[in-house]
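**Q** Please find the sequence and the predicted model below.
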Amino acid sequence: MNKNILITGGAGFIGSHVVRLMVNKYPQYKIINLDALTYAGNLENLKDIESAPNYNFEHVNILELDMLINVFEQHDITDVIHLAAESHVDRSILSPMDFIYTNIVGTINLLTVAKNYWSTDLNNHRFHHVSTDEVYGTLGAEGFFTESTAYAPNSPYSASKASSDHFVRAYGETFHIPYVITNCSNNYGPNHFPEKLIPLFINNIIHKKPLPVYGKGENTRDWLYVIDHARAIDLVFHEGNNGEHYNVGGFNEWKNIDLVKLLCKLMDEKLQRTAGESEKLITYVKDRPGHDLRYAIDASKINKELGWEPTVTFEEGLSATIDWYLQNEEWLNHVTSGAYQNYYTEQYDNR
Ligand code: NAD
Ligand code: DAU
């Protein structure tokens with residue numbers, strides 16, 4: 001069946017990989033990438049597919065209700081894959097309101113427009129909400145997040161994502177919007193904005209700048225290569241059951257400090273620097289307030305029900321990611337000029 005799929009946030013990190021996968025894999029679908037192009041949105045991420053006949057771009061903010069209605073009408077939108085969000089925890093601590101507006105109000109806008117536009121026949125539509133494992137809060141040394149773990153968000157970012165998940169559910173229960181929600185662990189890979197741990201540290205190693213490890217570096221994250229997340233979204237979008245959550249994770253837990261040391265080692269090898277040189281850049285800085293200790297996803301539901309599993313090992317993915325940044329210095333220089341410097345100063349100076 002032909003579909004006209006609205007993908008929000010398609011110029012961002014994960015969104016650009018989802019757009020590329022859908023444009024290339026489903027030439028019969030019309031893909032509409034809707035993005036406000038905030039500091040995190042970058043059309044350079046989509047250069048290779050921007051001329052594809054089934055690709056369209058709409059420069060729209062999800063807070064603009066009238067513009068959203070226009071896009072639905074103009075493209076006869078049949079389905080939504082919603083990724084647009086403010087996505088960085090540290091920025092949510094500096095400026096929570098941006099997260100309330102985009103992540104909560106923006107999601108409600110989209111739900112409302114979809115509900116109204118699809119009202120005559122809700123059956124052949126889908127609203128896929130892309131969420132995070134951070135809604136579950138933090139784990140201690142043991143255990144995993146499952147789809148039935150209670151929500152307990154600890155940062156303004158995760159609270160805003162949890163709220164948006166609740167509104168998606170509420171629109172499903174109250175207005176019968178057919179929805180699915182995916183809750184994924186930490187992604188890494190090409191096009192990751194260098195405010196997040198892995199790309200920020202790659203950029204700092206290239207420039208021999210300090211590597212600011214929060215606290216003691218004991219926090220643990222479960223890393224997944226971004227293309228495997230895009231594959232999971234494709235699968236759940238097409239085959240997931242309405243009204244259900246699917247956890248997506250890498251089965252790949254790393255303590256921050258161990259990950260940073262591995263990154264330093266690989267970068268020294270690739271940059272032909274003396275072994276141990278980049279590790280000397282590690283600087284322990286004041287911890288992130290409300291810093292979640294550990295995330296770990298139990299991805300057995302998506303594995304058993306839909307047959308999904310990661311295809312890229314961490315060794316392969318991290319190596320490919322470093323290579324991508326080394327080969328795309330222009331991209332990195334572009335996104336780290338201008339406003340990035342102001343953010344960096346505010347976030348890291350005097351820490
Ligand atoms: P990102 O910050 O790289 O990209 C976000 C995109 O949304 C950008 O292109 C930006 O321009 C756009 N956007 C922001 N505000 C907008 C608005 N008001 N209207 C329209 N567009 C707007 O984010 P990401 O890391 O690619 O994350 C994408 C989604 O996946 C988010 O919903 C995030 O919560 C979720 N997620 C991310 C991760 C991760 O590790 N990065 C893991 C799990 C889930
Ligand atoms: O778990 C999924 C989430 O992963 C997504 O929902 C978020 O959008 C995404 O940003 C990510 O959140 P984290 O807070 O886990 O990612 P971040 O890269 O910011 O940090 C990873 C870990 O590294 C975390 O424990 C904090 C630490 N850190 C981060 C930065 C930026 C540092 O020690 N130093 C740093 O400079």
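**A** Arrived safely, thanks for sending. Ligands and ions are numbered 1, 2, ... in the order given.

**Q** Could you report the distance from whatever residue of the stretch 1-150 of the chain ends up closest to ligand 2 to Glu253?
**A** The nearest approach of the stretch 1-150 of the chain to ligand 2 comes at Thr132, 3.1 Å away (C-beta to the nearest ligand atom). Where C-beta positions appear, they are placed from N, C-alpha and C, glycine not excepted. Noted for Thr132: a distance of 16 Å to Glu253, by C-beta to C-beta, to the nearest Å.

**Q** again with Val260
**A** The span separating Val260 from Glu253 equals 15 Å under the rule C-beta to C-beta.

**Q** Those two - which one has more neighbours?
**A** The residue with more neighbours, out of Val260 and Glu253 and counting by other C-beta atoms under 10 Å, is Val260; that gives 22 against 19.

**Q** Check whether the helix or strand where the more buried one lies comes close enough to ligand 2 to count as a contact.
**A** With secondary structure defined by DSSP states H and E, Val260 is part of helix 256-270. Yes - where contact is defined by C-beta under 6 Å from any ligand atom, part of helix 256-270 touches ligand 2, namely Asn256.

**Q** So which bits of that helix are buried?
**A** In terms of neighbour count (16 or more other C-beta atoms under 10 Å), helix 256-270 has its buried residues at 256-257, 259-260, 263-264, 266-268.

**Q** Same question for stretch 232-240.
**A** Buried positions in stretch 232-240, judged by neighbour count with 16+ other C-beta under 10 Å: 232-237, 240.

**Q** Kindly report the same for stretch 89-109.
**A** Of the residues in stretch 89-109, those buried by neighbour count under the rule 16+ other C-beta under 10 Å are 89-93, 96, 99-100, 102-109.

**Q** and ligand 2, which of the residues you listed contact it?
**A** Judged by C-beta under 6 Å from any ligand atom, the overlap between the buried residues of stretch 89-109 and the neighbourhood of ligand 2 comprises Val89.

**Q** Give me the subset of the buried residues of stretch 89-109 lying in strands.
**A** Residues from those lying in strands, with DSSP state E as the criterion: none.

**Q** which one among the buried residues of stretch 89-109 gets closest to Phe201?
**A** Phe201 lies nearest to Asp90 out of the buried residues of stretch 89-109, by C-beta to C-beta, at 14.1 Å.

**Q** Leaving out sequence neighbours, find the closest residue to the closest one.
**A** Nearest in space to Asp90, with sequence neighbours left out and distances taken as C-beta to C-beta, 6 or more residues apart in numbering, is Gln347 at 5.8 Å.

**Q** Just to be sure, that neighbour is in a strand?
**A** No - Gln347: not assigned to a strand; according to DSSP: H, G, I helix; E, B strand; the rest coil it is helix.

**Q** Just give me the neighbour total for it.
**A** 16.

**Q** next one: Asn219
**A** 21.

**Q** correct me, but it touches Val260?
**A** No - applying C-beta atoms under 8 Å as the test, Asn219 and Val260 come out as separate, 11.3 Å apart.

**Q** Let me know whether Ile108 touches Val168 as I believe.
**A** No - with contact defined as C-beta under 8 Å, Ile108 and Val168 do not form a contacting pair (9.3 Å).

**Q** Now name the helix or strand holding the nearest residue to Asp48 once chain neighbours are set aside.
**A** Taking C-beta to C-beta, 6+ apart, and ignoring the residues beside it in sequence, Asp48 has Arg20 as its nearest neighbour in space, at 7.2 Å. Per DSSP H and E: Arg20 is located in helix 13-25.

**Q** CA atoms of that helix as CSV?
**A** Written as CSV, here are the backbone C-alpha positions of helix 13-25 (Å, rounded to 0.1, in the frame of the first residue of the first chain):
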residue,chain,number,x,y,z
PHE,A,13,20.9,12.7,14.0
ILE,A,14,18.6,9.7,14.2
GLY,A,15,15.9,11.3,12.0
SER,A,16,18.3,11.6,9.0
HIS,A,17,19.1,7.9,9.2
VAL,A,18,15.4,7.0,9.4
VAL,A,19,14.6,9.3,6.4
ARG,A,20,17.4,7.8,4.3
LEU,A,21,16.3,4.2,5.1
MET,A,22,12.7,4.9,4.3
VAL,A,23,13.5,6.9,1.1
ASN,A,24,15.8,4.2,-0.3
LYS,A,25,13.9,1.1,0.9
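
**Q** does any bit of that helix sit next to ligand 2?
**A** No - legend: contact between helix 13-25 and ligand 2 by C-beta under 6 Å from any ligand atom is lacking; minimum distance shown is 8.7 Å.

**Q** If anything else comes up later, I'll come back, but that's it for now.
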